[in-house]
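[1] The sequence isn't on hand, but the structure is:
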């Protein structure tokens, strides 16, 4: 047939290249005849290929005696259960979703059983391999995946199905499939958790009286690719196990398990724990800042509180809403409590400082205020360095003292002495010699104890936390 099509093609070319003796209408007619002949040839070739495929399928059915048996029934119907061996080659674990509590796995699933109805004579004792067209005409195990959400058989370029039949009736049925199934995760130790997931296989219609499902080679029936890796987890272990499932209406069924253990990567510690720890330690710096530096200590506390709120909201957005407390919640909320206590500590220090200075001013206010006016120190500087309480009376004393100082300075300028320069030099010398002592003496006792108490308690908390969860 191929030779005939080639002859027709060359004949068409020859007619096209003929001399100009023929008219144009004759050439056009010859073109039409050639095109119609080629179309008929293509149709005949397609029909022959289809006939060959049909003949091959028919010959396969005749060889396996498919028309002579009722393959709607399982092998050995009415007798002992048919043994079906299973082995699995895991190609990849595509994704793990904590929010949806599911995983997606791609693997090769192979079934082994014996159906004497498919036995055929063979002098070489070699098996025969068929594609998906013959699978629809014979009995195959009705395996399904328990707790699966989605699954599909790959069909690129053709359906990834293979059937291999041996002369004695042993059958191998293999397929490549991707399954998304539920994994019941426990986040009580998140992100220091280890998750145990499993994919469960079971016959849908045949209970243990009709079908016995088992691993073909025990634990060696489950094989994995060496290069399987996940972005968030280490795959610690793959194992195969078996059991039974009971349904009140249909009875007991054999069930096979593909178990794997996932341990989370350490980067969650760097992403969550380390920033929270730094924020708590950063707020301890406020215990060493002077208690009168209100803007510095308040702004530092607000910044740390907002940062901790951002860390908490970011962690909650990436996790499922569960009804129990997670390990990361314990750490972040305790760290937030330390931040809140540090802010409350300064509020208490500021309140008690103001009350003590008011009481101290009522007793010895003049001597302290005289220090501020003697060296021409302003009200804000006096509050920062001498720690005394200033009110309207103090301001009046400073004003009167500064007036006397102005008169003295005018008098000194009339006599030619530089009083302004000398007063500035005295003020600088006073501050340079006494600023350290003034700041240390101005520390409140609560700040002094907080410098020791907060770090010690936080270190003890970390020791207990990491000892329990790690």
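    Arrived safely. Just so it is clear, the structure is predicted and the values come from calculations on it, not from any experiment.

[2] Just the mean pLDDT for stretch 320-338, thanks.
    Here stretch 320-338 scores 89 as its mean pLDDT.

[3] Tell me which residues are up against it.
    Under the contact criterion CB atoms under 8 Å, 6 or more residues apart in numbering, stretch 320-338 has outside partners 98-101, 187-193, 268, 272-273, 276-277, 279-280, 283, 305, 308, 311-312, 315, 319, 454, 457-458, 461, 465, 469. The way it works is simple: take the backbone N, C-alpha and C, and place the C-beta from them, glycine included.

[4] Can you flag the buried ones in the residues you listed?
    98, 101, 187, 189-193, 268, 272-273, 276, 279-280, 283, 305, 308, 311-312, 315, 319, 454, 458, 461, 465, 469 (16 or more other CB atoms under 10 Å).

[5] mind listing which of these are in helices?
    Secondary structure assignment by DSSP state H places 268, 276, 279-280, 283, 305, 308, 311-312, 315, 454, 458, 461, 465, 469 of the buried ones among the contacts of stretch 320-338 in helices.

[6] okay, who's weakest in the residues you listed by pLDDT?
    residue 268 (73).

[7] quick one: average pLDDT of stretch 230-246?
    Mean predicted confidence for stretch 230-246 is 90.

[8] Please identify the buried residues of that stretch?
    230, 233, 238, 240.

[9] from those residues, which is closest to residue 291?
    residue 233 (49.1 Å; CB to CB).

[10] Test my guess that that closest one contacts residue 266.
    No. Assessed by CB atoms under 8 Å, residue 233 is found out of contact with residue 266, at 11.3 Å.

[11] Could you look up the SS state of residue 90?
    Under DSSP: H, G, I helix; E, B strand; the rest coil, the three-state class of residue 90 is strand.

[12] So for it, what pLDDT did the model give?
    Per-residue confidence (pLDDT) for residue 90: 94.

[13] Just to check, it is in contact with residue 238?
    Yes. Residue 90 lies in contact with residue 238 (CB under 8 Å); the separation is 7.0 Å.

[14] shared neighbours of those two, which are they?
    By CB under 8 Å, 6+ apart, the residues touching both residue 90 and residue 238 are 222, 224, 258.

[15] could you redo the residues you listed as a markdown table and give each row pLDDT and distance to residue 332?
    What follows is the shared contacts of residue 90 and residue 238, written out as a markdown table (pLDDT from 0 to 100; distance: CB to CB, whole Å):
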| residue | pLDDT | distance to residue 332 |
| --- | --- | --- |
| 222 | 93 | 39 |
| 224 | 89 | 36 |
| 258 | 95 | 35 |
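
[16] just these now: which is nearest residue 198?
    The closest of the shared contacts of residue 90 and residue 238 to residue 198 turns out to be residue 258 (CB to CB; 6.2 Å).

[17] What is the burial count for the closest one?
    Residue 258 is flanked by 24 other residues according to other CB atoms under 10 Å.

[18] dump the residue contacts of it.
    Residue 258 touches 88, 90, 105, 198, 199, 200, 201, 222, 238, 240, counting by CB under 8 Å, 6+ apart.

[19] Just those: which are in strands?
    Counted as lying in strands by DSSP state E, out of the contacts of residue 258, are 88, 90, 105, 198, 199, 200, 201, 222, 238, 240.

[20] Identify the residues contacting the residue nearest to residue 97 when sequence neighbours are not counted.
    The spatial neighbour of residue 97 that comes closest, neighbours along the chain excluded (CB to CB, 6 or more residues apart in numbering), is residue 103 at 7.3 Å. By CB under 8 Å, 6+ apart, the residues touching residue 103 are 93, 95, 96, 97, 180, 181, 183, 197.

[21] Any chance of a markdown table for those, columns neighbour count?
    Below are these laid out as a markdown table (neighbours: other CB atoms under 10 Å):
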| residue | neighbour count |
| --- | --- |
| 93 | 22 |
| 95 | 14 |
| 96 | 21 |
| 97 | 13 |
| 180 | 18 |
| 181 | 20 |
| 183 | 19 |
| 197 | 21 |
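
[22] With secondary structure added, can I get the residues you listed in JSON lines?
    Output for these, formatted as JSON lines (three-state DSSP):
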{"residue": "93", "secondary structure": "strand"}
{"residue": "95", "secondary structure": "strand"}
{"residue": "96", "secondary structure": "strand"}
{"residue": "97", "secondary structure": "strand"}
{"residue": "180", "secondary structure": "strand"}
{"residue": "181", "secondary structure": "strand"}
{"residue": "183", "secondary structure": "coil"}
{"residue": "197", "secondary structure": "strand"}
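
[23] Return the helix or strand in this structure with minimum mean pLDDT.
    Across the helices and strands of the chain, mean pLDDT, DSSP states H and E gives its lowest value to helix 392-415, namely a mean of 46.

[24] Run through the helices of the stretch 201-350 of the chain in chain order.
    Assigned by DSSP state H, counting those that start in this stretch, the helices in the stretch 201-350 of the chain fall at 267-268, 274-283, 294-317, 327-374.

[25] elements contacting the second one?
    Pointing back at helix 274-283 there. Judged by 3 or more CB pairs under 8 Å, 6 or more residues apart in numbering; DSSP states H and E, helix 274-283 is in contact with helix 294-317, helix 327-374.

[26] Could you export those as JSON lines, including distance to residue 205?
    As requested, the helices and strands packed on helix 274-283 are exported to JSON lines (distance: least, CB to CB, whole Å):
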{"stretch": "helix 294-317", "distance to residue 205": "44"}
{"stretch": "helix 327-374", "distance to residue 205": "44"}
